Each structure stands twice: as structure tokens, then as C-alpha cells.
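**Q** my questions are about this predicted structure, shown below with the sequence.
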Amino acid sequence: MAYFNQIKMKQQLRLFILFIGMALCHIATGQFIIPKFEEPQNIQELSTNDEEGFMVPFNDGQEMYFYRTYSKGEGSDAKSKGEAVWYSKKGKNGWKAPYRLFKADFIEGIHPTVIGTSLDGKRIYTFVTDYSDKDKYIYRLGYYDSEGKDKWSEFVEIKIPNLTFEEKWCDFHMNADGNILLIAMSPSPQHLDQDLYVSIKDSNGKWSEAIDLGPRINTQKEEYSPVLLADNKTLYFASDGHGGLGELDIFVTYRLTDGWTQWSKPLNLGAPINSEATDEFFVLANDNEIYFTSDRVNGHHNIYFTKATGEFQFANLDSVGGEFFFKGLPRENISLEIFDAEDNLVAEVVTDAFGRFTFQKLDPDAVYMIKLAAEEEDDFIGSKIYFVNEDGQRTNRYILTEDGVFADAKDINQTERIQGTFNYKDLPMKDAAMVLIDENGFPIDTIYTDQNGNFSYDKLIYDDRYSVVPLALNDDEWNNSDIFLTDLDGNRTYEFILKKDQFFFSEIQDSNEIVSVDQKDQKINDNSAPLEKEEGLLSEGWNGKSGDFLRVKFEFNRTNPNGINKLDVVIEFLKNNVNATITVEGHADSIGTMADNMALGQKRADAVKAYLVNKGLESNRINSVSKGESIPIATNMYKEGRAQNRRVEVILD
């Protein structure tokens, strides 16, 4: 399978679940998508003018622990007066009034913060701050076990090797199994902003040192309130370092390997979860119920509730766009498989009617592989994939080899030498530059002639049909150019036939006759006479031959043609030939996306049809279609060529 680097590259069919509960965030139907949410509602029963945070639902969301921070003062003058853990249970009419845990065993100066719980809620993990000694605060991680209603065991301390809290800002999240501890911690007492770390407990009960989750997650700003879901891969956290709507936004990321340093690009959950205020502590109570905190209303962090609507939206990820061609044509319903560097299948895509496909980059720096579905490999040897950047420009091409893999064309060594000659009026065109273009319009390389007009090139064995565009030629040189291939003895073997401003490669079937410009036959008796590019074939009227066409051009991104009076010859012809019909074919250059250019081509065709109908022609005699950017008549590499491609061709059926 071929490797391609995903630096400039929106998967279909196979579900690739990124768990939000059972399935709220997934890659499917061609895109990485995240759910839409109902408008969040403040839970009045659990919210006060103090600060609520870190909800820990358990028992399938029927019960919840959370902590409350008591403060004195408002805004930047507010000072913490301590924390306490609270508990509430759902009743028939919603959440019941909460009550404070550990109240009976409360010790003045001891402030526990809830950081996790077992699935049944009988073990509660806490981070305890001991303020009893005013000269030295003591911080401890650990847990209490329930010994009945309002009765708890002694505190059991958890020690993480080399983890000291000092005066750092710290927050934690323990998973339900009690073996993965997420840590939000400032790197030093001098830093206010926190980064995310993880510590893992092994089978012997020993905890690892804290592992930095890496630069994909941690920024120079704050990462906070981490929550790991039951799959141990999906991580939610708040940050102001990844852009967003407000002060802190909630993001989701996915662990890409068995380690803890490789993560997908964090995705902003967007509105209505995130706001212009601070949003954090995103947790799932069950498959569909979600809680988080926000200070969006009154400046106090209160608890909010929402549900997924069942609808989805595209995540804000960089996308990889591509096109699949076989034998010069885009192919529909071709199944392609995307693999990561460890040969794990991460996506399947299916091409559309234009051979296009897209998929999301989970990791912008990762290397991926691509191949055809196994049952289709033998049928499409030599097929080509082109990757397309954000501007709709093709950037790279990959070719399916006999090994059944797509290889970067630049890395394929199966070549054969071609050689040829470029003459102008029987004299060699020396130092002439020619762009070699494959059968799908992709520039392969630029080749140059020597002082005798000769050139050579090591072409890939998979490139059977191609064309060349000589650069910097005037009209006379275009009209009198003769380009052909030769064998080792210098005998002419293949022609490049001038048609629609390009020289197209063609094998000579009869050395005395080739097809040339504008669908007309031109005799070449000695294989050395120059091809003559006829101009204005239709300007003096149609000859009544099927395939005759007239061309009008357009300015960039415009739908009103230049020289629209050219169309009068069409009107006159059709009025004199009442049974004749025409096709109005709209085209665009390659600037912009393929979809936009297809729409633009249709608008141009419709504008020409409207002009003809307004001049008295019957609408049912005019078929209006778009070809978008798919049939260029000149290279899109230069503005002159793009100007040629912005056109409508009126073709006699």
C-alpha cells in the first residue's frame, strides 16, 4: 500500500466510533462528525450563587456527586472560602435537593474535592486540601469507601511517583476502574496555566509517573477539567489554547495509539455547548444525557444539562480530498480503504459520480495508506488518484500498480524511455519548454528540447495517453508546430495531434492521414507537413456537420459571456434548420472547488441558453449542461490557459 503524507489533504460507509457514551461522536458517511445538542438548561436544584464543578454521575446517571466552592466577593475580588462534596439523586420531578457528604466527619480546615467514583458510587475519589496548618498546606490524593448511609471509611491515600503539588494549580479525574488518573497541573508554581498529564496503575497496584499528553493537546495556555470516557480513548477537556467561542471551550480528542502522547486534533464542540463565557467539566451520565458547567448567565459556574438531538454536524477538521480516474474517466462507487501507519483500517470511502472522495485527518502529521477494496484490485491496475487541496487544485497523484497498491507516481520506477522531435516549419524548435500532461489533465513534468529540437523522457508505463502544451508560443508557432515521437533510428512513430489548443498523443494508424483540428480531417502526405490550427471555424457559419461548435468566453467567476453577438450565427442556423438541436456546454477553470465549478459551468450554460431563447429559439431544442472544470482545453497552470477554459461551447447535435 502506498504511503501519502496528509499535510494538505472531509470517509464513507464504515463506522469508526469515537465514543461519547455508546456512540455520539463518530466517523461515518464520509465525514468525522459530532452530534448536535439541545439547548442546555440550567439545573436550578443543583446551582447556587457559589461555584459548582466536576459532576460525577453514577448509577446510569440516576445519582451524582459534585463539588461546590464557597467564595466571598465578586469577580476578580472573589476569594475561595473552601470546598465541599455534595450528593444528589434523581426523583420523579428531577434532581432532589442535594446534601453535603462527609458532614458528620467534617474536620475544620479539610476540604475534599470530588475527582471520580466507582460505577456504583460506593468509592469516591477525592483531592483533599488541608488548611488546618496556616503555615503549610497539605495536599493529598485518595479515596473513601462507603460504609453505609453517611458513613465513610478512613481516607486511603494514593501516591503518584515524583508528583508534588506544592502551590501548583491542580485538577484531577479518576476513571471508574480506579486505574487511570488524569491530571490538569501547572508545570511549576510560577505558571497559572495547566497542562494535561496521565498516570496509570499497573496490575501490581503501582502508579506510573505523570505522562505529559503531548503538544497535540497541551498548549501555552490552559488545558483543564479532563474527563476520560469508558473506552479509555475519548477525552474531553476545556481549553483556551485551541481557539474557540469564549474564555474556555470544551473540546474532544481521540487517543490514536496504545500510548498516551498521540492524539487526534482536538475538536471544538461548538454552540450550544460552548459560549462566549467559560464552559468546562463535560461529562456523560449515560448514553445520551450530558452535564457541564458554565458561567454564561450570571458569572457563577452552574450545572447545565443537555441531550444529543440525534442529528450531527461536520467537525472542524482538515479534510483530504481526492479524485479517482481509470482510463481517463472518473469512476463512481469505487471503494477505497484508508489505513494508518500501523496498518489499522481507519476509514472507507466511496467515490461519487465525479470520482471524488473525502475523509478527515484525525492527526494532521500522520502518514496514511490507501488501497482499493480487495475484490476490485485486478480490474483497475493503472487507475489514478489525485489529491486536491483547499483551493480545488490537484496536488499529487498515486497510481495502482500490479502489486495492488497505490504508489506515489514520483516513487514508481517502472518507466520506459520515449524520445521525439519538436519542429516549427520543418526547423527544430530548440530550448522549447513543454508541459507533459497525463490523460486526466494533471501536469506530470516540464520537458525541454535540445538544439536539434529533440527531447526524451522516462515516462511511467501506466501513462499511455497524454498531451503536451508548449509554453510561450505565438499564434504562428502554434499553427505551424509539429511534435512527434521517434524510434531509436529517428523514424516517426507517434504523433501529437493539435486539438483544442493542446497536442494530444496518438498512435499513427495510417502514416498518410491523421485527425487534426476541430473535428475536420487534414491530409499529411509526407508526415512532415505542419498541422494548421484553423481559427474561426464557426464565425462564418456552421457547415451542418454534427459536432461543429462555437465557443464564447467568460471573465473569472462571471456568468455573462464576452462577445455574445457570436451566438447570432447559431440563431440564424437553427432558424434555417428547423429539425436541428444543440447542446450548450458550460465550462470553468480549476480555481475553486469542483462542486462550485460544476455549478458555475451550469450557470454559464443557462445564461447562453436564456440569450438564445430570448432571441426566439425554442427551449426544447437547446440542451443545457455543465462540465465544470473536467474538460480543460488549456493548462490551468497559467492565467492565459485558465482564460481559455472559462467558456461555453454551443455544439450542434
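**A** The structure has been received and is ready for your questions.

**Q** list the contacts of the closest residue in space to Y99 that isn't next to it in sequence.
**A** Sequence neighbours aside, Y87 is the residue nearest to Y99 in space, at 6.2 Å (criterion: CB to CB, 6 or more residues apart in numbering). Yep, even glycine has a C-beta here, placed from its N, CA and C like the rest. Neighbouring residues of Y87 by CB atoms under 8 Å, 6 or more residues apart in numbering: 63-65, 98-101.

**Q** and the two most separated of those?
**A** E63 and R100 (14.9 Å; CB to CB).

**Q** number of nearby residues for the closest residue in space to W86 that isn't next to it in sequence?
**A** Distances taken as CB to CB, 6+ apart put P98 closest to W86, at 4.4 Å, once the chain neighbours are dropped. Burial of P98 is recorded as 19 neighbouring residues (other CB atoms under 10 Å).

**Q** so what's P98 up against?
**A** 45-46, 66, 86-88.

**Q** before we move on, back to that, the residue nearest to Y99 pairs with what?
**A** When bridges are called by DSSP bridges, Y87 pairs up with Y65, Y99.

**Q** state the pLDDT value of it.
**A** Note for Y87: predicted pLDDT of 90.

**Q** please apply the same query to Q360.
**A** pLDDT at Q360 comes out at 65.

**Q** then N543?
**A** 63.

**Q** isn't S186 right up against Y197?
**A** No: counting by CB atoms under 8 Å, S186 does not reach Y197; the two are 10.9 Å apart.

**Q** please say which of those two ends up with more neighbours.
**A** Y197 (23 against 17).

**Q** now that one: which helix or strand?
**A** Y197 is part of strand 195-200, with elements assigned from DSSP states H and E.

**Q** other SSEs contacting that strand?
**A** strand 180-185, strand 211-212, strand 223-228 (3 or more CB pairs under 8 Å, 6 or more residues apart in numbering; DSSP states H and E).

**Q** reformat those strands as TSV; add mean pLDDT and distance to T129.
**A** As requested, these are exported to TSV (pLDDT from 0 to 100; distance: least, CB to CB, whole Å):
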stretch	mean pLDDT	distance to T129
strand 180-185	92	14
strand 211-212	92	24
strand 223-228	91	17
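
**Q** can you lay out those as CSV showing distance to N440 and mean neighbour count?
**A** Below are the helices and strands packed on strand 195-200 laid out as CSV (distance: least, CB to CB, whole Å; neighbours: other CB atoms under 10 Å):
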stretch, distance to N440, mean neighbour count
strand 180-185, 49, 22
strand 211-212, 46, 15
strand 223-228, 45, 24
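
**Q** of the ones you listed, which approaches G246 most closely?
**A** strand 223-228 (13.3 Å).

**Q** partners of the closest one in the sheet?
**A** According to DSSP bridges, strand 223-228 has these partners: strand 234-239 (antiparallel).

**Q** CA atoms only for the strand it pairs with, dumped as PDB, please.
**A** Presented in PDB, the C-alpha positions along strand 234-239 are these (Å, rounded to 0.1, in the frame of the first residue of the first chain):
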ATOM      1  CA  THR A 234     -12.100   9.600  24.200                       C
ATOM      2  CA  LEU A 235     -11.000  12.600  26.200                       C
ATOM      3  CA  TYR A 236     -13.000  15.800  26.900                       C
ATOM      4  CA  PHE A 237     -11.300  18.800  28.300                       C
ATOM      5  CA  ALA A 238     -11.600  22.600  28.500                       C
ATOM      6  CA  SER A 239      -9.000  24.900  26.900                       C
END
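
**Q** can you show me the strands along the stretch 1-150 of the chain?
**A** Taking DSSP state E, counting those that start in this stretch as the criterion, the stretch 1-150 of the chain carries its strands at 2-5, 16-18, 25-28, 31-37, 41-42, 51-58, 63-72, 79-91, 94-95, 99-100, 110-117, 123-130, 138-145.

**Q** who wins for proximity to D568 among the ones you listed?
**A** strand 31-37 (48.1 Å).

**Q** quick one: mean pLDDT over the closest one.
**A** 65.

**Q** how many residues are close by Q44?
**A** Q44: 11 neighbours (other CB under 10 Å).

**Q** and the gap between it and G178?
**A** Distance of Q44 to G178, given as CB to CB, to the nearest Å: 33 Å.

**Q** same deal with I399?
**A** I399 sits 52 Å away from G178, going by CB to CB.

**Q** show me which of these two is the more surrounded one.
**A** A side-by-side neighbour count of I399 and G178, using other CB under 10 Å, places I399 first with 23 against 15.

**Q** contacts only, for the more buried one.
**A** 382-385, 406-407, 409, 412, 460, 462.

**Q** so what secondary structure elements neighbour the lengthiest helix in the chain?
**A** Of all the segments assigned as helix in the chain under DSSP state H, the longest by residue count is helix 594-614. If you count contacts as 3+ CB pairs under 8 Å, 6+ apart, helix 594-614 packs onto strand 582-587, strand 622-628, strand 647-652.

**Q** now the angle from it to strand 582-587?
**A** In terms of direction (axes from the mean of the first three to the mean of the last three CA atoms, to 10 degrees), helix 594-614 departs from strand 582-587 by 150 degrees.

**Q** highest neighbour count among the contacts of Y87?
**A** M64 (26 neighbours).

**Q** out of the contacts of I399, who's nearest A277?
**A** So of the contacts of I399, ranked by how close each gets to A277 (CB to CB), first place is I385, at 45.2 Å.

**Q** let's see the pLDDT reported for the residue nearest to the closest one when sequence neighbours are not counted.
**A** Sequence neighbours aside, Y398 is the residue nearest to I385 in space, at 4.5 Å (criterion: CB to CB, 6+ apart). Turning to Y398, the model gives it a pLDDT of 91.

**Q** tell me where the model's unsure across the stretch 351-500 of the chain.
**A** The stretch 351-500 of the chain contains residues with pLDDT under 70 at 360-367, 374-378, 390-391, 497-500.

**Q** that one: strands as residue ranges?
**A** Going by DSSP E, counting those that start in this stretch, the stretch 351-500 of the chain shows strands at 356-360, 367-372, 384-388, 394-400, 406-408, 415-424, 427-428, 433-438, 443-448, 454-460, 466-470, 481-486, 492-499.

**Q** okay if I get those as TSV plus distance to T581?
**A** Shown next, in TSV, are the strands of the stretch 351-500 of the chain (distance: least, CB to CB, whole Å):
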stretch	distance to T581
strand 356-360	31
strand 367-372	40
strand 384-388	35
strand 394-400	35
strand 406-408	42
strand 415-424	41
strand 427-428	46
strand 433-438	33
strand 443-448	36
strand 454-460	41
strand 466-470	30
strand 481-486	36
strand 492-499	24
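
**Q** of those strands, which is nearest D606?
**A** Shortest distance between D606 and the strands of the stretch 351-500 of the chain, using CB to CB, is found for strand 356-360: 23.1 Å.

**Q** domain assignment for this structure?
**A** Split into domains by automatic domain parsing, the chain comes to 2-22+318-409, 38-314, 415-523, 549-652.

**Q** which one of the ones you listed has the lowest average pLDDT?
**A** domain 2-22+318-409 (a mean of 68).

**Q** thank you kindly, that will do.
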